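Engineer: Provided below for reference: sequence and predicted model.
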Amino acid sequence: MQKKSKHKNTKPFRLVADFEPGGDQPRAIEEMIDGINKGCKMQTLLGVTGSGKTYTMAKLIESIQRPTLVITHNKTLAAQLAAEYKAFFPDNFVGYFVSYYDYYQPEAYVPERDLYIEKDSDVNEEVDRMRHAATQAVLTRRDVIIVATVSCIYGLGDPTEYTDMSIDLIVGEEYDRRIFLRKLIDMQYLRNNLELMRGAFRVKGDTIEIYPVNEEVIIRASFFGDQCESLSKIHPVTGEVLEILNEISIFPASHYVYTPERQDRILDNIAKELDVQYNKFLKEDKKLYAERLRDRTLYDIECIRELGFCSGIENYSRIFSGREPGEPPATLVEYFPDDYLMIIDESHQTIPQLHGMYRGDQSRKINLVDYGFRIPAALDNRPLNFEEFEKFINQVIFTTATPGPYER
C-alpha cells in the first residue's frame, strides 16, 4: 500500500562522540558507504563483542543520512543498543520498539484435552508509549533510528489509515468544535473530565486538553469560538507550561483505527466471512463449532459497532485494512520510507528468530480457526514469513561475530 508521511521535524543526523574511528573501523565504514551508494542490498560487518560495531554503524548512519531500523533478538540487547544510539545522536530521534507485554498468554485451543485458553496479558504502559512514539516519529521525520526486537515483523495497524486519522492542530486555524471532539473519539481517545490519563481528553470551557499516547505531556488547545487561539505542552502532574507550540500532529490512541465511514463495510465483510465459515461447518456436520463461531463473532461485531473496538480486535486486522486473504499484514517495516536502512544486529541469532515466528504463530491460530473460535481472518493477524520479510528489505547490514549460513 502507498505510505503517507508528514516529514516536518527533520534534522540532519549528527553523531556526538569523544573519539574517532580507529583500527579497521575507517576502512569498514568507507567500504559500507561505498556499498550503500552502489546499491548493494546486503552487506555483513564482522566484529567480536566490544569491537565497536555500534559506533561503526552510527558513523555509517551519519554519513548516509537515512531513517534506520535496527533489529535484534531480545529486549535487553535492544534497550542497550537504544541507549548507545541515544548517546551518539542526542539531537535526533532514537526509538525503542519491542513487545509491550510484561506477561502474555496467547489465545489457544488444545484439541487433545478440549482445552480453550483465553488470551491473558499485562500491558506495560511505558513500552506502549514508546511504540507509539516510534511509529509517529517514523511518519513525521527522517532523522529516526528505531531499535526493535523481532516483534517488529508482527502485524500492526495500517500506516496509511493511521496517518489519515491523525489531526493537525495549527494556531489561528478554525475547527468545528463538535467535529473535532467526535474525531478524537473516533481516534479511540476517551473523554474523561475527572482524571486525565494517556489516551484521554477533557474539555474545560474553551480549552481542550489531550493526553497523547506517545508523550508524557498534555497538549492544551485553547479556542476562541472555533479558532485555535494557542497550543502548549503541559506537565501532566505540575501543570507547568513546558513549551508553546504553533502546530502539532495528534495521532490515534491505537494502531488499529479506521474511519467511521468504513465501519459498515468492515462489519459487513466480517459477517460475510462468518457466514462462509458457519455454512462450511454445517456442511461438515460440525454444528457445535458453527454455533460457537457465530456467537463469538456476532458479539465482537456488536462491540465494534457500539464501542469502536472489541477484545481481540487484531484478529480482524486484515478486514480492517482491506487486504486480501493471505496478503502480508502491515508491520513496523511498512511505516518506513522506501529508502530506509536496516541493520540486523547479532544476525546469527536474529535471523533464525525471524524465520521461526511465522511457523509458531500459524500452528496455534489454525486450531482456533478449525475448531470455531475464530473466523479465518485471524490467520492473517500474524508475523511476516521470512520470504515476505525479505521483500521489505531495501538495504541491510548484518552485524555479527559468527555469521550464519544466510549472511554468508
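Structural biologist: Sure thing, it's come through.

Engineer: how about low-confidence regions in the protein?
Structural biologist: 1-9 (pLDDT under 70).

Engineer: biggest helix in it, by residue count?
Structural biologist: When the chain is scanned for its longest helix (criterion: DSSP state H), the result is helix 347-370.

Engineer: got a list of what Val144 touches?
Structural biologist: Residues near Val144 by C-beta atoms under 8 Å, 6 or more residues apart in numbering: 67-68, 92-93, 95, 137-138. Any C-beta I mention is one placed from the backbone N, CA and C, and that applies to glycine too.

Engineer: now Thr297
Structural biologist: 270-271, 274, 375.

Engineer: Which ones among the contacts of Val144 lie within helices?
Structural biologist: Using DSSP H, these in helices are 137-138.

Engineer: Tell me the one of the contacts of Val144 nearest Asn124?
Structural biologist: Of all the contacts of Val144, Gly95 has the smallest distance to Asn124: 15.4 Å, by C-beta to C-beta.

Engineer: What separation do you get for the closest one and Met357?
Structural biologist: Gly95 sits 21 Å away from Met357, going by C-beta to C-beta, to the nearest Å.

Engineer: okay, these two: which has more neighbours?
Structural biologist: Gly95 (25 against 19; other C-beta atoms under 10 Å).

Engineer: Do I have it right that that one meets His132?
Structural biologist: No. Contact criterion C-beta atoms under 8 Å: Gly95 and His132 do not qualify, at 9.8 Å.

Engineer: re earlier: neighbour-wise, give me the winner out of the contacts of Thr297.
Structural biologist: Counting by other C-beta under 10 Å, top hit in these: Ile375 with 26 neighbours.

Engineer: show me what contacts it?
Structural biologist: 270, 273-274, 277, 293, 297, 315, 369.

Engineer: now do Thr402
Structural biologist: Counting by C-beta under 8 Å, 6+ apart, Thr402 touches His348.

Engineer: Going by secondary structure, it is in what exactly?
Structural biologist: Here Thr402, judged by DSSP states H and E, is contained in no helix and no strand.

Engineer: what's the spacing between it and Pro352?
Structural biologist: Thr402 is 12 Å from Pro352, by C-beta to C-beta.

Engineer: what do you get for Ser151?
Structural biologist: According to C-beta to C-beta, Ser151 stands 15 Å off from Pro352.

Engineer: Compare neighbour counts for those two and give me the winner.
Structural biologist: Ser151 (21 against 15).

Engineer: any idea how far Tyr278 is from the residue lying farthest from the centre of the chain?
Structural biologist: No residue in the chain sits farther from the centre than Asp285, which is 40.8 Å out by C-alpha atoms, centre = their mean. As for Asp285, its distance to Tyr278 is 13 Å (criterion: C-beta to C-beta).

Engineer: Tell me the buried residues in stretch 32-45?
Structural biologist: Residues of stretch 32-45 classed as buried: 32, 36, 43-45 (neighbour count, 16 or more other C-beta atoms under 10 Å).

Engineer: all helices for the stretch 301-408 of the chain, in order.
Structural biologist: Using DSSP state H, counting those that start in this stretch, the helices of the stretch 301-408 of the chain run over 317-320, 332-335, 347-370, 386-391.

Engineer: Sorry, wrong one. I was asking about the stretch 151-300 of the chain.
Structural biologist: Counting by DSSP H, counting those that start in this stretch, the stretch 151-300 of the chain has helices at residues 159-164, 177-186, 263-283, 287-307.

Engineer: Buried residues, stretch 45-61. List them.
Structural biologist: For stretch 45-61, by 16+ other C-beta under 10 Å, it's 45, 47, 51-61.
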